[in-house]
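S.K.: Quick one, fold the following:
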Amino acid sequence: MEDKRNIQIIEWEHLDKKKFYVFGVAMTMMIRVSVYPFTLIRTRLQVQKGKSLYHGTFDAFIKILRADGVTGLYRGFLVNTFTLISGQCYVTTYELTRKFVADYSQSNTVKSLVAGGSASLVAQSITVPIDVVSQHLMMQRKGEKMGRFQVHGNLEGQGIVAFGQTKDIIRQILRADGLRGFYRGYVASLLTYIPNSAVWWPFYHFYAGGNKGMLGVTGLRAEGWRARHGHELR
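M.R.: Below is the predicted model of the structure:
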């Protein structure tokens, strides 16, 4: 049966900003904690030579636990959590850009297209440098070197703390590649996410929004944010 409800679109001025940012970060953090170990395992499997270290996901999980304990599955996690900022910046940029474009065009497609692309540009500019550092930290393990850089200190936790490892990696990236080293893959990320986001939002509003709406309802962009962030933010 077709749903005939007419649900009002939630615009930026309708939001309780304090609740939105607090609950948004909290929910994303809970998801991040649960999936991060598998992100680390995936990264190591992609980087290793053949099957020199791990024979698969389960094998990697067991070996990392045995060698480093639970903390081994969360190497680089503290640094990676800073990408939560990009999620909030994505939403803020999207909504403020829509509001700005509305002064020049009332077309929902135009507003969504420009705002979606702009939001991804801002989000990826924040995310890529953080990802570069956190991925190098993911590669740190006892024994054989996996990545380009190796932290100087004891990975068992003696003589160097988590952010000490981060500073060490940052210094090595700067020495080897300069500031450009923090933006490896940046153009590829932009070419992936900007078109994707720019097209996604107009289609979202086309199917779930509009005056009549393809589905007979006006969509809540809050639902779109949740769906969008699951794809846009790693």
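
S.K.: give me every residue that touches Leu45.
M.R.: Contacts for Leu45 (Cβ atoms under 8 Å, 6 or more residues apart in numbering) come out as 54, 56-57, 60. Heads up, the C-betas are built off the backbone N, CA and C, glycines and all.

S.K.: quick one: low-confidence ranges for this structure?
M.R.: Scanning the chain for pLDDT under 70 picks out the ranges 1-16, 142-145, 152-163, 208-234.

S.K.: ok, 80 please
M.R.: 1-24, 141-164, 204-234 (pLDDT under 80).

S.K.: residue boundaries of the helices in it?
M.R.: 17-47, 57-68, 77-80, 84-101, 108-138, 162-177, 186-208, 221-232 (DSSP state H).

S.K.: nearest to Val151, of these?
M.R.: helix 162-177 (4.5 Å; Cβ to Cβ).

S.K.: Outside of the closest one itself, which residues are in contact with it?
M.R.: With Cβ under 8 Å, 6+ apart as the criterion, helix 162-177 contacts 78-79, 132-133, 136-137, 140, 148-149, 151-153, 160, 181-182, 184.

S.K.: Then stretch 184-203?
M.R.: 94, 108-109, 112-117, 119-121, 123-125, 127-128, 132, 177, 224, 228, 231-232.

S.K.: Quick check on those: which are buried?
M.R.: Buried residues within the contacts of stretch 184-203, counting neighbours by 16 or more other Cβ atoms under 10 Å: 94, 108, 112-117, 119-121, 123-124, 127-128, 132, 224, 228, 232.

S.K.: hang on, the earlier thing: show me how to select, in PyMOL, the buried members of the contacts of Leu45.
M.R.: Buried members of the contacts of Leu45, defined by 16+ other Cβ under 10 Å, are picked up in PyMOL with:
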select buried, resi 54+60
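
S.K.: Stretch 111-118: how far from the chain's middle?
M.R.: Remark: stretch 111-118 is offset 18 Å from the chain centroid, using Cα atoms, centre = their mean, to the nearest Å.

S.K.: cool, and stretch 77-97?
M.R.: Averaging C-alpha positions (Cα atoms, centre = their mean) puts stretch 77-97 8 Å from its chain's average.

S.K.: switch to numbering from 58
M.R.: Renumbered: residue one is now 58, and that last one reads stretch 134-154.

S.K.: Can you show me the CA trace of that stretch as CSV?
M.R.: These are the backbone C-alpha positions of stretch 134-154, laid out as CSV (Å, rounded to 0.1, in the frame of the first residue of the first chain):
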residue,chain,number,x,y,z
PHE,A,134,42.6,3.6,16.7
LEU,A,135,43.1,6.8,18.8
VAL,A,136,44.4,8.7,15.7
ASN,A,137,41.7,7.2,13.5
THR,A,138,39.0,8.6,15.9
PHE,A,139,39.9,12.1,14.7
THR,A,140,38.1,11.2,11.5
LEU,A,141,34.9,11.6,13.5
ILE,A,142,35.4,15.3,13.0
SER,A,143,35.1,14.9,9.3
GLY,A,144,31.7,13.3,9.7
GLN,A,145,30.4,16.4,11.5
CYS,A,146,32.1,18.7,9.0
TYR,A,147,30.5,16.8,6.2
VAL,A,148,27.0,17.3,7.6
THR,A,149,27.6,20.9,8.5
THR,A,150,29.1,21.8,5.1
TYR,A,151,26.2,20.0,3.3
GLU,A,152,23.5,21.9,5.2
LEU,A,153,25.2,25.3,5.1
THR,A,154,26.0,25.0,1.4
